[in-house]
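1. Sequence first, then the predicted structure:
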Amino acid sequence: MLKRPVTQQLQTESFVAVQSIVNNLNCEFRKTDPDNAGLDGEIDLVKQGVFQGKIIKYQLKAGHSYISSENKHYIKVRIEKKYIDLWAVANFPVILFFYHPDTKLIYWKGIKEYLKINPNILRKTSITVNIPFDKRRDKLDTTILPKWFSLIEGKFEYEKIIYTDEESEVIWSNWYPVIDFPRFLFKAPTSHERAYDTSQLEKYYCFILRDNHLYTFSNLENTDCELIGFCDAPRAEKIASSSIPEKYLMELLNNLVRINLSKKDMAREGERYYFHPRVLEKAETSIFYYTSVKGRQERRVKVYRQNMGDWSELKHHAIQSRFQHIGNDWYLELEPDWHFTYRRAYKSRKQIGIRITKEKADMHNEQYKYHLHAMKQFLADDQPVITLVCDKLTDSQKLRVDGKCISPKSNFMLFNDYSNPEEDKADDDEENGENRENQ
């Protein structure tokens, strides 16, 4: 018994579907046989019933076997890399069509135009590559003709960002709102001009010395406060935090960060705080535990050690921290970072700077997000709120920061960002696996 192959039925069905739309555009649809160059035919564009001498070559794919992955927004189609390489250097426009066997919808992609903003595809060495189609923007319908004319005229391009009213996405930020602010501070005259004049203090306090005055969040009316010995305490004024110059208040807040991070065995270099090497002295202090973004208990090593012969590199988890004041609101901005130290001065400061820059440049969005979350959870002691304590007095004031960053919604979507780095890696693994199967 002779049977007609299902693939032949699907092939005919897909060509008829594309031809029907092209015919409704009053353009000429031609099929080439055989297909020896990865091209199934051409479309001769017609305007107001007149041939324009403008021709687009095309290839048509159909069926589940070409689908690499799919969700409600996009579909990835597997194409042989040799065809992509050929289309990239062709002196005519090339369209890739995909006919979905379930929905009966057709999607199209201007290949050369897509490669302009995705040149990394041409550098791949796999047998196949994945071409994504946006199910809304890449759908083929009878409104497509102006785009095809602009394709031939070299005016068509895929934008990296498109603003839309109907699409939105949540943007993660590294700004955390201050929810409880020290409401008052003390200002007292002092003859001291430099902070290290107070180096003999036994406890920690958040204060600055400016304009012959000491400013502090600590209570100068409390006899247990050591700062009383470094200022004219009887003349101290209790004032609202908002009543001093903002630059002074900002300096106080940044000092508050410094003293709290120093209690957590973090050293400082400029604006960067990093885990001090002494955390490696004990196994229990070399790691920290936290609840991950996905709600699981995770642990992180505070400092990674790499030994190479007679030198060693220490790669420290680090973070930059600063306060921001916008309108009436205050935010704690956290920036995940790295810090490197070397035995025997193996690298210069310039070389270390390059090392840090390269490490941060290799950090993808997801890695940044997880790194930021881990460091934020460490600062918060894995609690919902980051608490910065002003001193160790019984009436100490505290600054509390919401552990949830501000996450605004934006009315734009990344038109060409069909995937995240993990999906791209999965694509590469899949393509490389196919390479091995075909060798």
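-> That came through fine. Numbers count the residues shown, from 1 in each chain.
2. residue boundaries of the strands in the stretch 251-400 of the chain?
-> 266-269, 272-275, 287-291, 297-301, 303-308, 311-326, 329-342, 385-389, 398-402 (DSSP state E, counting those that start in this stretch).
3. and the first one, what does it pack onto?
-> Here strand 266-269 is seen to pack against helix 246-262, strand 272-275 when contacts are counted using 3 or more Cβ pairs under 8 Å, 6 or more residues apart in numbering; DSSP states H and E. In short, each C-beta sits where N, CA and C put it, glycine included.
4. Just give the closest residue to residue 372, not the sequence neighbours.
-> For residue 372, ignoring the flanking residues on the chain, the nearest one in space by Cβ to Cβ, 6 or more residues apart in numbering is residue 336 at 4.7 Å.
5. swap in residue 124?
-> Using Cβ to Cβ, 6+ apart, the nearest residue to residue 124 is residue 81, at 6.5 Å.
6. mind checking how far the one you found is from residue 278?
-> 52 Å (Cβ to Cβ, to the nearest Å).
7. Looking at these two, which is more packed in?
-> Just comparing residue 81 and residue 278: by other Cβ atoms under 10 Å the higher neighbour count belongs to residue 81, 17 against 12.
8. my guess is the more buried one contacts residue 131, does it?
-> No: using Cβ atoms under 8 Å as the test, residue 81 is too far from residue 131 to be in contact (10.7 Å).
9. send the alpha carbons of stretch 122-136 over as CSV?
-> Taking Å, rounded to 0.1, in the frame of the first residue of the first chain, the C-alpha atoms of stretch 122-136 are listed here in CSV:
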residue,chain,number,x,y,z
LEU,A,122,28.0,34.2,12.1
ARG,A,123,30.9,33.4,14.5
LYS,A,124,29.3,30.2,15.8
THR,A,125,30.9,26.9,14.7
SER,A,126,27.9,24.7,15.2
ILE,A,127,26.1,22.9,12.4
THR,A,128,22.8,24.6,13.2
VAL,A,129,21.8,27.9,14.8
ASN,A,130,18.5,29.1,16.2
ILE,A,131,16.6,31.9,14.7
PRO,A,132,13.9,33.5,16.9
PHE,A,133,10.6,34.7,15.7
ASP,A,134,8.5,37.1,17.8
LYS,A,135,4.9,35.8,17.5
ARG,A,136,3.4,39.2,17.3
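10. Show the average pLDDT along that stretch.
-> Averaged across stretch 122-136, pLDDT comes to 91.
11. What of stretch 225-235?
-> Stretch 225-235 comes out at a mean pLDDT of 93.
12. what stretches of this protein score poorly on pLDDT?
-> Residue ranges of the chain with pLDDT under 70: 1-6, 34-36, 160-170, 195-199, 308-310, 344-347, 360, 362-365, 410-439.
13. Would you mind giving the domain segments of it?
-> 6-166, 175-407 (automatic domain parsing).
14. since we're on residue 150, how many residues are nearby?
-> Neighbour tally, residue 150, other Cβ under 10 Å: 14.
15. That one contacts residue 113, correct?
-> No: between residue 150 and residue 113 there is no contact under Cβ under 8 Å: 9.7 Å.
16. what residues are shared contacts of the two?
-> Residues within reach of residue 150 and of residue 113 at once, by Cβ atoms under 8 Å, 6 or more residues apart in numbering, are residue 156.
17. Distance of the closest residue to residue 193 other than its chain neighbours relative to residue 388?
-> Leaving aside its sequence neighbours, residue 193 sits nearest to residue 209 (Cβ to Cβ, 6+ apart; 6.2 Å). Between residue 209 and residue 388 the distance is 20 Å, computed by Cβ to Cβ.
18. who has more neighbours, those two?
-> residue 388 (22 against 19).
19. hey, what's the more buried one bridged with?
-> residue 399 (DSSP bridges).
20. Tell me who's in contact with it.
-> 256, 257, 260, 398, 399, 400, 401.
21. got those as CSV, with distance to residue 90 and neighbour count columns?
-> Output for the contacts of residue 388, formatted as CSV (distance: Cβ to Cβ, whole Å; neighbours: other Cβ atoms under 10 Å):
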residue, distance to residue 90, neighbour count
256, 63, 22
257, 58, 23
260, 62, 21
398, 67, 15
399, 63, 24
400, 62, 16
401, 57, 24
